[in-house]
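1. Mind folding the following:
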Amino acid sequence: RLAAGIELFRRRGWPLHGFVAPAWLMSAGTRQALGDSGLRYTSDPATLYLLPHLQPIEAPGLVWSARSAWRRGLSWALSEQRRRAWRAAPVIRLGLQPVDMRH
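-> Numbering: from 1, shown residues only. Next comes the predicted model:
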């Protein structure tokens, strides 16, 4: 599936530099495939990994759950708390899904 996705981006002329697995769930096979993919990075909630060797860079991420009003409210409160706690972090990633742009 990873190769098919990379090929889709290539055919459409879309830039592609990294891959983030749904819910950050990566098996050993996924990590191996990423290392062989030619992509530059992947991530989990707290770390950015440079490929192909999965070199870690501490980079906490702010993400939201936009599926319902209560999730959006809780996500906002949690993200504000994390933003303040991570104020001195050298890198903070912002994770957006297409549905997030509606809110």
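2. Please report the distance of the most centrally placed residue in the chain from residue 53.
-> Centroid-nearest residue in the chain, with CA atoms, centre = their mean: residue 20, separated by 4.4 Å. Separation of residue 20 from residue 53 (CB to CB, to the nearest Å) stands at 18 Å. For every residue, glycine as well, the C-beta is placed using N, CA and C.
3. repeat for residue 95
-> For residue 95, the distance to residue 53 - CB to CB - is 23 Å.
4. Need the phi and psi values for the residue lying closest to residue 31 once chain neighbours are set aside.
-> Of all residues not flanking residue 31 in the chain, residue 54 sits nearest, at 6.4 Å (CB to CB, 6 or more residues apart in numbering). Backbone geometry at residue 54, expressed as degrees, to the nearest 10, gives phi 60, psi 40.
5. List the residues that contact residue 54.
-> Residues near residue 54 by CB atoms under 8 Å, 6 or more residues apart in numbering: 31, 34-35, 42.
6. Run a quick neighbour tally on residue 47.
-> Neighbours of residue 47 under the rule other CB atoms under 10 Å: 17.
7. ok, residue 33 - contacts?
-> 2-3.
8. Report the distance from the helix or strand encompassing it to the chain centre.
-> Assigned by DSSP states H and E, residue 33 belongs to helix 28-35. On the basis of CA atoms, centre = their mean, to the nearest Å, helix 28-35 sits 16 Å off its chain's mean C-alpha point.
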